[in-house]
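K.L.:
compute the structure for the input listed below.
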Amino acid sequence: MALTPTAAAQFRVVAGLPVDHTTLPRRARRALALADELGAPRGPVLAVIGEVERAARARHEELALALAGPRAVARGLVLAPPVVGPATALLVSDTPFAVWATTPGRFVAALAASLWLVGWVSVRLLVRRAVSVPSTGGPDRDEVLELLAVAVAAGCPLTAATRRVGSVLRTQDVAALGLWLQLGAVAAPPRGWEADGPTLAAAHQDGAPLVSVLRGLAAADRRERHHAAMGRIARLEPRLTLPTTLLLLPAAGLTVAAPLVHGLLVALA
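P.N.:
Next up is the predicted model:
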């Protein structure tokens with residue numbers, strides 16, 4: 001297996017060779033920028049980021065595997081109307097496409113096409129929603145926590161670490177956490193820190209090992225987002241029944257029934 005850019009950079013750091021930051025993923029670049037600013041060793045920082053990247057790849061593969069079944073179902077549902085109807089007509093009629101030249105046939109074709117188009121768009125939107133990752137508009141929470149762990153491991157107090165990380169990420173979100181901690185964490189946590197803020201405040205006040213706490217919270221955040229993604233995929237297949245029942249199956253039924261009815265009428269005439 002080929003080395004990832006982060007793993008290759010780690011080996012170069014251990015060997016005392018220079019590292020080209022432009023070849024690294026954004027998360028690794030930010031972590032190195034913080035380590036350089038604090039004078040922290042690069043090797044351990046890259047090792048942690050490499051572990052995070054390997055875990056992310058494993059989660060991505062698990063999500064892709066879980067999504068393969070619903071995607072195949074969605075693809076089959078969408079292809080059914082334009083494939084099943086003509087195939088059935090070819091089997092049961094000598095003039096399978098004659099019906100579409102008639103006025104009723106054109107009306108049925110327009111109705112079936114409309115149902116199929118709306119069904120296709122609905123299925124596409126459901127699949128896209130299942131695979132989309134809700135964005136907070138800023139860096140992922142686990143990355144913020146990992147960078148705080150880097151700063152704390154380099155000797156920064158937690159409140160100072162929030163300022164350092166905020167400058168690297170160019171966000172006020174982390175600075176708000178630091179101010180809240182400085183004020184004694186007596187009010188409600190800042191927005192976005194409702195879940196992790198109390199834990200960090202307690203660890204900060206009690207003198208707990210902050211690096212372990214921060215990395216544990218980061219790992220918990222990644223697990224939570226992964227479970228949420230798996231939940232969205234698990235709900236996808238049942239949700240596909242609505243456009244299937246109301247749109248795609250009627251469209252397929254129309255494309256199948258129209259040639260049959262037309263052939264029967266021609267035979268009776």
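
K.L.:
going by C-alpha atoms from here, please, whenever you check contacts or count neighbours.
P.N.:
OK.

K.L.:
which elements pack onto the helix-or-strand element of the chain with minimal mean pLDDT?
P.N.:
In the chain, the helix or strand scored least confidently by mean pLDDT, DSSP states H and E is helix 249-268, which has a mean of 78. With contacts taken as 3 or more Cα pairs under 8 Å, 6 or more residues apart in numbering; DSSP states H and E, helix 249-268 sits against helix 42-92, helix 103-131.

K.L.:
the nearest residue to V211 once chain neighbours are set aside: how many residues sit nearby?
P.N.:
The spatial neighbour of V211 that comes closest, neighbours along the chain excluded (Cα to Cα, 6 or more residues apart in numbering), is A149 at 4.9 Å. By the criterion of other Cα atoms under 10 Å, A149 has 25 neighbours.

K.L.:
what is the orientation angle of the helix or strand where A149 lies with helix 42-92?
P.N.:
According to DSSP states H and E, A149 maps onto helix 141-153. Angle, helix 141-153 to helix 42-92, by axes from the mean of the first three to the mean of the last three Cα atoms, to 10 degrees: 170 degrees.

K.L.:
so what touches helix 141-153?
P.N.:
27, 31, 34-35, 38, 45, 158, 161-162, 164-165, 174, 210-212, 214-215, 217-219, 221-222 (Cα atoms under 8 Å, 6 or more residues apart in numbering).

K.L.:
same question for stretch 58-71.
P.N.:
Contacts of stretch 58-71 with the rest of the structure, by Cα under 8 Å, 6+ apart, involve 127, 226, 229-230, 233, 236-237.

K.L.:
would you show me how to pick out the buried ones of these in PyMOL?
P.N.:
One line in PyMOL is enough to select the buried members of these, burial here meaning 16 or more other Cα atoms under 10 Å:
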select buried, resi 127+226+229+230+233+236+237
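
K.L.:
of the contacts of stretch 58-71, which pair is most distant in space?
P.N.:
Comparing all pairs in the contacts of stretch 58-71 by Cα to Cα, the longest separation belongs to H226 and E237, at 18.2 Å.

K.L.:
low-confidence ranges, the stretch 151-269 of the chain, go.
P.N.:
266, 269 (pLDDT under 70).

K.L.:
can you map out the helices along it?
P.N.:
Applying DSSP state H, counting those that start in this stretch to the stretch 151-269 of the chain gives helices spanning 158-169, 173-182, 197-206, 210-239, 241-243, 249-268.

K.L.:
dump those into a markdown table; add distance to E143 as well.
P.N.:
A markdown table is the format used below for the helices of the stretch 151-269 of the chain (distance: least, Cα to Cα, whole Å):
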| stretch | distance to E143 |
| --- | --- |
| helix 158-169 | 10 |
| helix 173-182 | 11 |
| helix 197-206 | 15 |
| helix 210-239 | 7 |
| helix 241-243 | 38 |
| helix 249-268 | 45 |
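
K.L.:
go through those helices and name the closest to V99.
P.N.:
The closest of those to V99 is helix 249-268. By Cα to Cα, the value is 5.9 Å.

K.L.:
angle of the closest one against helix 103-131?
P.N.:
With the same axes, to 10 degrees defining the directions, helix 249-268 sits at 160 degrees from helix 103-131.

K.L.:
buried residues in helix 249-268?
P.N.:
Under 16+ other Cα under 10 Å, the buried positions of helix 249-268 are 249-252, 254-260, 262-263.

K.L.:
one more: stretch 148-168?
P.N.:
Under the neighbour-count criterion of 16+ other Cα under 10 Å, stretch 148-168 has 148-154, 156, 158-166 buried.

K.L.:
repeat that for stretch 236-246.
P.N.:
236-237, 240, 243-244.
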